[in-house]
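[1] got a predicted model here, sequence first, then my questions.
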Amino acid sequence: MTAILFVCLGNICRSPLAEGIFRHQVELARMTDRFTIDSAGCGGWHSGERPDKRSITVAQAHGIDISGQRARQIHVDDFDRFDLILGLDRDNVRHLSAMQPQGSQAEVALYLEKAHGIAKNVPDPYYGSAADFETVYRLCEKASAALLETYRI
Ligand code: 4NP
């Protein structure tokens, strides 16, 4: 069993897509019993909210429903509950590394780098257009497939 947490800034745009796409691919691969999957934000401004409408829309266009997700803020307990904590950009990774408690065994990494060795951010689409959300979707779709591939026996 591997517990994976996807973390961005607000947990309404990028990490809900990363979570939803990975969960969808895990279901297609019939590997749901092998993972705990969740997402969180470095900040708590949007706690309790649904994903941004533009993230819900782009996911829906690809046949994935993320509307049931609710935003939450990262908590120190997450460093005991999750094996792998993936920051969607470098600021997120810095925030996560700074709050990781001594003795926590969790691996904190940059999402695209851990997934397929591409040391790049998933760009924040919050002030962007629908096309920026499509870009996030495609980045997450590829990264998610590569990440899942590393867990196939
Ligand atoms: P996310 O996008 O980190 O991908 O969820 C953002 C959401 C909200 C804000 C910034 C980025 N905000 O400033 O409220």
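    Cool, the structure landed.

[2] helix or strand for Ala3, which one?
    Taking DSSP states H and E as the definition, Ala3 sits inside strand 2-8.

[3] what residues sit buried inside the following helix or strand past that strand?
    Next helix or strand after strand 2-8 toward the C-terminus (DSSP H and E): helix 14-28. Neighbour-count burial for helix 14-28, counted by 16 or more other C-beta atoms under 10 Å, picks out 14-26. Bear in mind the C-beta positions are built from the backbone N, C-alpha and C, glycine included.

[4] for this structure, longest helix please?
    Longest helix in the chain, counting residues (DSSP state H): helix 130-149.

[5] now for it, which elements pack on it?
    helix 14-28, helix 53-61, helix 111-116 (3 or more C-beta pairs under 8 Å, 6 or more residues apart in numbering; DSSP states H and E).

[6] let me know which of the ones you listed is the nearest to Gly41.
    With C-beta to C-beta as the measure, helix 14-28 is the member of those nearest Gly41 (6.9 Å).
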